[in-house]
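Engineer: Could you work out the structure for the sequence below:
(one chain, ligands or ions: 2)
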Amino acid sequence: MEEIGGPSASLSNFRILYLITQMVGGAIIILVGSWIGVHLGGLAWTRYPSIQFNWHPLLMVIGMVFLYGNSILIYRGFRFARKKPLKIAHATIHALAFLLTVIALIAAFDSHNLARPRPIPNLYTLHSWVGLIAVILFGFQYLFGFVSYLYPQMKEPIKEMYMPIHIFFGLTGFVFAIVACLLGLLEKAIFSIPDYAQLSPPGVLVNTIGLLIIVFGGLVIYLATESSYKRQALPDDVILLTGGTSE
Ligand code: HEM
Ligand code: HEM
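Structural biologist: Ligands and ions are numbered 1, 2, ... in the order given. Here you go, the predicted structure:
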């Protein structure tokens, strides 16, 4: 018989929180899309630089928040899958997040450089500094993660020694991304909502998106650090460590 509060109870708590995390993440993307569609004039590319900007928040919340968080959680969410496909999925989802982030950055820089009658200065806000740190951390993390665990792969003791560092910087980059989003939302709200102080509908919408991003970030960090939710090695993983071919 299972003990009350034993491993299977802990796994069912994980499943419920994981489902809530996905719903909150989906809601964030839908609400950012609605904000852009209803209040910010939709989407365009370089012909209308101020509208081109709108790709920035949309792709950042999909890439640096939703995909980043989901990639971190993949080992725990799909704990019964084998390690090798999980590693490939982890690296692929992070790569997709990075690609969306690059497009989001191009949209933000274009919206400044192509602005008429004169360009807007770049990288002068706290938001842009925190955001840039998140992206740089992400880039290094990807490079070191890839080289250590996917190709060419380090020796086993080095992999083990590096893992806590990999986890620490992975989560730190994610926290920076969450903070950057909050600062960016506030900044855009102040720039674009003239009656923000009157609690107007777009103001309430932006504040709600910010709160949901905090909830999503908190849930991801909790699910990724709670030790009872950690994926346990499968028998297959052990074969891999002893020289099998599927890793
Ligand atoms: C992790 C996510 C994000 C990162 C890494 C990020 C990064 C950046 C960077 C580096 C810039 C500077 C562009 C330039 O100087 O030309 C910028 C601009 C901007 N971003 Fe973000 N951003 C993120 C999310 C958001 C979100 C969700 C919003 C919400 C609307 C937003 C709003 C803005 C605004 C208004 C600007 C133009 C003013 C400024 O330079 O601060 N950002 N962002
Ligand atoms: C920006 C890129 C990356 C970030 C932010 C990141 C972040 C993380 C985090 C937070 C964990 C802990 C997950 C957990 O304990 O459940 C983790 C685990 C791991 N990551 Fe990454 N990672 C990145 C890239 C990579 C790459 C490219 C690889 C290469 C395959 C990789 C391989 C691994 C492995 C093997 C684990 C251990 C999973 C386990 O507990 O068994 N990571 N990563």
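Engineer: quick one: buried residues of the longest helix anywhere in the chain?
Structural biologist: Taking DSSP state H as the criterion, the chain has its longest helix at helix 156-192. Residues of helix 156-192 classed as buried: 162, 169-171, 173-174, 176-185, 188-189, 192 (neighbour count, 16 or more other Cβ atoms under 10 Å). The way it works is simple: take the backbone N, C-alpha and C, and place the C-beta from them, glycine included.
Engineer: Filtering these by proximity to ligand 2, which remain?
Structural biologist: Filtering these for neighbours of ligand 2 using Cβ under 6 Å from any ligand atom leaves 170, 171, 173.
Engineer: Mind putting those residues into JSON lines with distance to residue 92 and pLDDT?
Structural biologist: Output for these, formatted as JSON lines (distance: Cβ to Cβ, whole Å; pLDDT from 0 to 100):
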{"residue": "170", "distance to residue 92": "16", "pLDDT": "98"}
{"residue": "171", "distance to residue 92": "20", "pLDDT": "98"}
{"residue": "173", "distance to residue 92": "18", "pLDDT": "98"}
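Engineer: now the helices: where do they sit in the chain?
Structural biologist: Using DSSP H, helices in the chain cover 7-34, 49-52, 55-60, 68-77, 83-113, 126-149, 156-192, 201-225, 235-241.
Engineer: Point out the residues in the chain that sit beside ligand 1.
Structural biologist: Residues of the chain lying close to ligand 1 (Cβ under 6 Å from any ligand atom) are 56-57, 60-61, 64, 105, 108-109, 112, 122-123, 125, 127-128, 131-132, 134-135, 177, 180-181, 184-185, 187-188.
Engineer: Kindly write the ChimeraX command that selects the buried subset of those.
Structural biologist: Burial among those is assessed by 16+ other Cβ under 10 Å; the matching ChimeraX selection reads:
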select :56,57,60,61,64,105,108,109,112,127,128,131,134,135,177,180,181,184,185,188
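Engineer: right, so the helices of the chain: which one is the most enclosed?
Structural biologist: Most buried of these by mean neighbour count (mean count of other Cβ atoms under 10 Å) is helix 55-60; its value is a mean of 23.
Engineer: Relative to the whole chain's centre, how far out is it?
Structural biologist: Relative to its parent chain, helix 55-60 has a centroid offset of 12 Å by Cα atoms, centre = their mean, to the nearest Å.
Engineer: what sits up against that helix?
Structural biologist: By Cβ atoms under 8 Å, 6 or more residues apart in numbering, the residues outside helix 55-60 that reach it are 29, 32-33, 35-36, 43, 45, 100-101, 103-105, 107-108, 111, 131, 177, 180-181, 184-185, 188.
Engineer: Can I get stretch 184-197 as PDB, trimmed to CA atoms?
Structural biologist: Taking C-alpha atoms only, stretch 184-197 is exported to PDB below (Å, rounded to 0.1, in the frame of the first residue of the first chain):
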ATOM      1  CA  GLY A 184       8.800  46.100 -19.900                       C
ATOM      2  CA  LEU A 185       5.100  45.900 -19.300                       C
ATOM      3  CA  LEU A 186       5.200  48.800 -16.800                       C
ATOM      4  CA  GLU A 187       7.200  50.900 -19.200                       C
ATOM      5  CA  LYS A 188       4.900  50.200 -22.200                       C
ATOM      6  CA  ALA A 189       1.800  50.800 -20.000                       C
ATOM      7  CA  ILE A 190       3.200  54.200 -19.000                       C
ATOM      8  CA  PHE A 191       4.200  55.100 -22.600                       C
ATOM      9  CA  SER A 192       1.000  53.900 -24.300                       C
ATOM     10  CA  ILE A 193      -2.000  54.200 -21.800                       C
ATOM     11  CA  PRO A 194      -2.800  57.900 -21.300                       C
ATOM     12  CA  ASP A 195      -5.500  57.200 -18.600                       C
ATOM     13  CA  TYR A 196      -3.400  54.400 -16.800                       C
ATOM     14  CA  ALA A 197      -4.000  56.300 -13.600                       C
END
